[in-house]
Structures are given as C-alpha cells and as structure tokens.
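1. Make a model of this:
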Amino acid sequence: MANRARTVLITGASRGVGLELTRQLLRSPQNSVFATCRSPSSAVALNELIRGPDTKGTVHILQLDQDDEKSVSAAATKVGEILRADGRIDYLINNAGVNLVGRTPKDGSDVPSALERKSFLATMTTNVLGPALVTQAFLPFVMRGGEDDRRVVLNMSSELSSLGLLDEAWYKTTCYSISKAGLNMLTRHQAHENPSVIFLASTPGWVKTDLGGEDAPGDVEESVSKLLRLLERAELKDSGTFVNNEGRKLPW
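-> Okay, here's the model as predicted:
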C-alpha cells in the first residue's frame, strides 16, 4: 500500500493484529489511520508506535468501545470533524474482538457445558453486534465519492467459525466460534444491502498475539501483510465471501 493514499479506520488497534495493521499502514506517508481502542491513555504500545521513527503516515488515536453505542457515536462525530465535508474512509477494518469463556473446565477449554449467560452475551455483543454498530456509524464516510470508487469493509473473522473446517479440537471454542459464525452471516447481509461496497469476512489465521497465545504457529507481521494485500486486490465480485488472508475462499 506504499504507492496509494488510503484512509483507514481500525478497531482494536491497541494490540495484536490491530496494532500491526496500524504499524504497517503508517509506514507510508500517504496513509491516514484512525486507530481506535477502548482506552487510548493506557494503550502503551500504540502510543509508542506513533512516536517511533518508522511512523510516516498520519494517525488519529480515538476512543471507541464498540460495546457502547454512545462511544461509537462520539467516535463517528470526531471522525466527521477531522474528515470534514470531502474526506472519506477507504477501508473500515472491524478488528476488535474477544474470546470469553464461562465456567471454564480444568483444561481451559470453552465447551457447550461451560457456557453461561453473562460471558456468552458479552462475546456476542462485542464480536457481532459491535461490528454491526461500528459499520452503521462509519459507513456514511465509506460511501462518500462516486459509484465507481473502490471501498472495503473487512470484518475480522476466524477459521474457528467454519462448520466445514470443524474438527475435534475446535469443539473447545464454542462461544467464540458461534460469535464469529454470526459475524460471517452479518457480512453476507451487509454485502447484499450495500452492493457498491466490498464486504469481506477474513481471518488472520492463528497468530502469536494476546488472543492467539504464544503457542500459535503464525507470525502476525506476515499475516497482516497478506491482509493488506487482500484489501488492495479485492473486487466487488468478492463481496460477501469468507476468505483467508490470501483471498482463498473458506467453507462457511
């Protein structure tokens, strides 16, 4: 993305995949990034990043808690003030998510018998309703420009959402898997409602982050690099699909 100016909004930008997305995008002086997170004042890594020597682009760190409609609305108002009348968002990346468990078994797995109302509803709120509300709030900025302009909304999903890929080990991620399957369905509906925007559900893969853990085999820098290439080459015909970070279609 070094040769094309893009304005990108990222949720969950304070760590993991969101932080790496911010890092790589800001290597280009042409890019402008709205890096959002729940608590900017405590986002140590993000604040260090924007002061680092490799940060060449423009960055705005904004408070956004996608579980809180007032927070989402306030962030959208702030973005509108910064973009003014003629600015737009080229890429909206719904990256923020959680993996909560209920009555956790001794092995730490999240199985159906461990589900409890509080953690289940919290997971669904953050992983499904949150991206829906964020997209509602920021889609008007994405829609600015002509009908031929290219714009992408990326919903960060997981292979753990896939019924077709489900194996014995993945039955231990019940709550998280259900929420990401819901996010995939949301993506399909968003694509149908907004035919001029490319909506994708994609996955960074199992990478070493706070969410993925140290045992994850994937490298977050490499994965994010692939995701950014995916954003650049996605076409309208791809809208409403579930793909890996290289653009290969995954089974629902």
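2. Mind pulling up the pLDDT for the most centrally placed residue in the chain?
-> Nearest to the mean C-alpha position of the chain, by C-alpha atoms, centre = their mean, lies residue 95 at 1.8 Å. Turning to residue 95, the model gives it a pLDDT of 98.
3. gap between it and residue 63?
-> Counting by C-beta to C-beta, to the nearest Å, the gap between residue 95 and residue 63 amounts to 16 Å. In this view, the C-beta of every residue, glycine as well, is placed from N, C-alpha and C.
4. Is residue 152 in contact with residue 233, as I believe?
-> No - taking contacts as C-beta atoms under 8 Å, residue 152 lies outside contact range of residue 233: 10.2 Å.
5. Those two: who's more crowded?
-> Using other C-beta atoms under 10 Å, the more surrounded residue of residue 152 and residue 233 is residue 152, with 24 against 8.
6. Next up, phi/psi of the more buried one, please.
-> Residue 152 has phi and psi values of phi -140, psi 140 when expressed as degrees, to the nearest 10.
7. ok, now which ones touch it?
-> When contacts are counted by C-beta atoms under 8 Å, 6 or more residues apart in numbering, residue 152 touches 90, 91, 92, 197, 198, 199, 200, 231, 234.
8. swap in residue 83?
-> Listed by C-beta under 8 Å, 6+ apart, the contact partners of residue 83 are 7, 89, 141.
9. Give me the subset of these lying in helices.
-> For the contacts of residue 83, membership in helices holds for residue 141, with DSSP state H as the criterion.
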